[in-house]
Structures are given as C-alpha cells and as structure tokens.
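Colleague: Below is the sequence, then the predicted model.
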Amino acid sequence: MAGSAREVTIAIVGCGGMGNRHLRGLAEYARHVGGLPGYPKFRVVAACDPNDRNVNLLADAAAQAFGSRPRPFATVDALLEAFPRLDAVDITTEPRLHATIRSEEHTSELQSLRHLVC
C-alpha cells in the first residue's frame, strides 16, 4: 500500500465499553497516521449491538470522531446483509459471545472479509 491512502470500511460489533475503547483507538490512529503513505484511512460504516442506547451512543461518538455517523444495527445478520463488502469487522462483545457471532450461519460472510478482529 505504499504511496496510497486506501480507505478501509469497518463495522464495530459490540458497542459497550470495549467497542468504545476500540473506536477511540481508531480515532487516535486517524489523527496521527491514517492516510499517510502506506497507512490506510478507516471509515466506520456500521455499528451493531442489540442494546439500542449503546449502538446509538457509539454511532454518535463515531460521527464526532470521523465526521460521518455509522449506520446502527441490532443484529449481525442485518449488518452483513446491508454491507456485504466490508473490509473489516471488529468484534468487541463479551468474549463468550465471539463464538456466537462467528457461528455457522455467518461463516461465509465473515470469511469473505479482509480482516476480522476479536
């Protein structure tokens, strides 16, 4: 990627404390190196959490950090249907829920991603 500032589309699944910490990390990255030669820019396009308050708080924080509000979703199914060509998904749920998200029903969609972060 040397010399390019490719944009990486990412969704955050799990919008509680860990999801917000990951969002802050992405924002810090964006402020310091995102878009420099050899370093991609990130665009958080979706947030997913069954807790409506959490998903909307994270979406609002992302809008402040990145200038655009990610689309909120209550289920991984809905997110993957709306964004079948994501570059990355950042799973920030409780560790015991990671296996559920990476379940058989989502295997093909998640395998098509360039990056899956847990």
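Modeller: Everything's here; your move.
Colleague: drop to CA atoms for contacts and neighbour counts, all remaining ones
Modeller: Fine.
Colleague: the helices in the chain, which residues?
Modeller: 17-32, 52-66, 76-82, 95-101, 107-111 (DSSP state H).
Colleague: right, so of these, which gets closest to residue 89?
Modeller: Of all the helices of the chain, helix 107-111 sits nearest to residue 89, with 8.1 Å by CA to CA.
Colleague: For the closest one, the averaged confidence score.
Modeller: Mean pLDDT, helix 107-111: 55.
Colleague: Okay, the residue lying closest to residue 18 once chain neighbours are set aside and residue 14: tell me how far apart.
Modeller: In this structure, residue 18 finds its nearest non-sequential neighbour in residue 92, 5.6 Å apart by CA to CA, 6 or more residues apart in numbering. Separation of residue 92 from residue 14 (CA to CA, to the nearest Å): 5 Å.
Colleague: where does this protein dip in pLDDT?
Modeller: Where the chain drops to pLDDT under 70, the residues are 1-5, 96-118.
Colleague: Name the residue in residue 92 and residue 14 with the higher neighbour count.
Modeller: Taking other CA atoms under 10 Å, residue 92 and residue 14 do not tie; residue 14 has more neighbours (26 against 23).
Colleague: can you pull the contacts of the more buried one?
Modeller: Residue 14 sits next to 47, 48, 49, 55, 91, 92, 93, 94 when contact means CA atoms under 8 Å, 6 or more residues apart in numbering.
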